[in-house]
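Undergrad: Provided below are the primary sequence and the corresponding predicted coordinates.
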Amino acid sequence: MTGVQTCALPICFPVTIPPTNTPTNTPTNTPTNTNTPTNTNTTNTQTPTNTPTKTPTNTPTSTNTPTKKNKYTNKYTHTHTHHTHTQHTPTCFPVTIPKLLVGGGYGSAPLFGLAEVLKERGCRVDMVLGASVAGKIYAPLEGKRSVNSLTITTEDGSTGLQGKVTDVLPGLIEKNSTEIIYSCGPMGMLAAVEEVSQKFGTLHQCAVEESMACGVGICMTCVLPVRDESGVIKMTRSCIDGPVMDGERVIWNSHRKIPEGTWGAS
C-alpha cells in the first residue's frame with residue numbers, strides 16, 4: 001500500500017520512479033527465483049539510463065542553426081551566440097542593439113510610437129529632431145519623455161543646435177555605439193542619413209515620403225527605384241511595398257526618373 005501511494009503522486013511520473021522501485025521489490029519478495037529477476041533488472045535499468053542521455057545532447061545543437069545572409073549577420077550572430085543563455089531566436093537581436101531615431105519636421109510623428117515600443121522592450125533609444133525653424137519641430141516635450149536622450153537641430157538656430165540632423169549623427173553614433181537608425185522625414189533628409197549610415201556601417205530603415213494617390217498600388221504615382229535581394233532595380237510602390245524600406249536599397253540619386261538598367265524599362 002505504501003508503494004501505491006507514492007507512485008500515485010504527480011511527482012513520481014516525470015522522475016521515472018517506477019523502474020527504480022520494480023527491481024528493489026521483486027528480489028525481496030521472491031528469494032527463491034534468483035536467476036529470473038537478475039536478467040529482468042539489467043534490462044530495466046539500462047533502458048531509462050540511455051533515454052535521458054541522448055535527448056539533451058541532441059537538443060542544444062539545433063539552436064544555432066538560424067542564420068541570415070546580409071552584411072549585418074556577423075554582428076547579430078556574435079550578439080546571439082554571446083547571449084545564448086537568454087536569447088534563442090533571431091527576433092531578439094534588435095533588443096540588445098542601441099537605436100537612433102531621426103525625424104524631420106512633421107514627418108517625425110511616427111517615430112514616437114516606435115520609441116515607446118522600443119523602450120518597453122528595454123532598448124536604449126536616442127532621438128534627433130530637426131526642422132528649418134523651431135515652429136516645425138514636432139512635439140519636442142513628448143519626444144523627450146519617450147527616449148533616453150533628445151537632440152534638436154534647426155537650420156536657423158532658433159532652438160536647439162544650429163544646423164541639420166546629419167551634423168550631429170556622427171557624434172551620437174560613436175558615443176552610443178548605434179547599430180540601427182530609423183528615420184522619417186523629407187526624401188532629401190533620408191538620403192543624407194543614408195550617406196552617414198553607409199559611412200559608419202549601420203543598418204538604416206526609413207519611411208519614404210512619396211505622393212500616394214490611391215494608396216492601394218494601382219495608380220503607380222508613389223513608385224521609386226529600389227534594388228531587390230538579387231540586385232535588380234525595380235520601380236517599387238511605396239504604398240504597398242513600403243513605406244518603410246531598407247535605406248541601402250533605395251536609389252536616392254534617381255531624381256524621380258527611371259534609372260538605366262531598371263527591370264522592365266525599354
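TA: Done, it's in. Since we're looking at a predicted model, the values are computed, not measured.

Undergrad: so residue 147 touches residue 129, yeah?
TA: No. Counting by Cβ atoms under 8 Å, residue 147 does not reach residue 129; the two are 10.0 Å apart. Backbone N, C-alpha and C define where each C-beta goes, glycine included.

Undergrad: Please say which of those two ends up with more neighbours.
TA: Set residue 147 next to residue 129 and count neighbours by other Cβ atoms under 10 Å: residue 129 wins out with 27 against 24.

Undergrad: Contacts only, for that one.
TA: By Cβ atoms under 8 Å, 6 or more residues apart in numbering, the contact set of residue 129 is 103-104, 108, 137-138, 140, 143, 150-153, 160, 165.

Undergrad: Against residue 208, how distant is residue 252?
TA: Distance, residue 252 to residue 208, using Cβ to Cβ, to the nearest Å: 10 Å.

Undergrad: Identify the contacts common to those two.
TA: Residues touching both residue 252 and residue 208 by Cβ under 8 Å, 6+ apart: 187, 190.

Undergrad: still on that earlier bit, which among the contacts of residue 129 gets closest to residue 177?
TA: residue 151 (16.3 Å; Cβ to Cβ).

Undergrad: where's the closest one, which helix or strand?
TA: Using DSSP states H and E, residue 151 maps to strand 149-154.

Undergrad: What strands flank the helix or strand following that strand, and is each parallel or antiparallel?
TA: Using DSSP H and E, the helix or strand that follows strand 149-154 in sequence is strand 161-162. Applying DSSP bridges, strand 161-162 is found paired with strand 149-154 (parallel).

Undergrad: Return the partner strand as CSV; C-alpha atoms alone will do.
TA: Coordinates of each C-alpha in strand 149-154 appear next as CSV, following Å, rounded to 0.1, in the frame of the first residue of the first chain:
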residue,chain,number,x,y,z
SER,A,149,18.3,61.4,-25.0
LEU,A,150,16.8,64.0,-27.4
THR,A,151,18.8,66.3,-29.7
ILE,A,152,17.1,69.2,-31.5
THR,A,153,18.5,71.0,-34.5
THR,A,154,17.2,73.9,-36.5
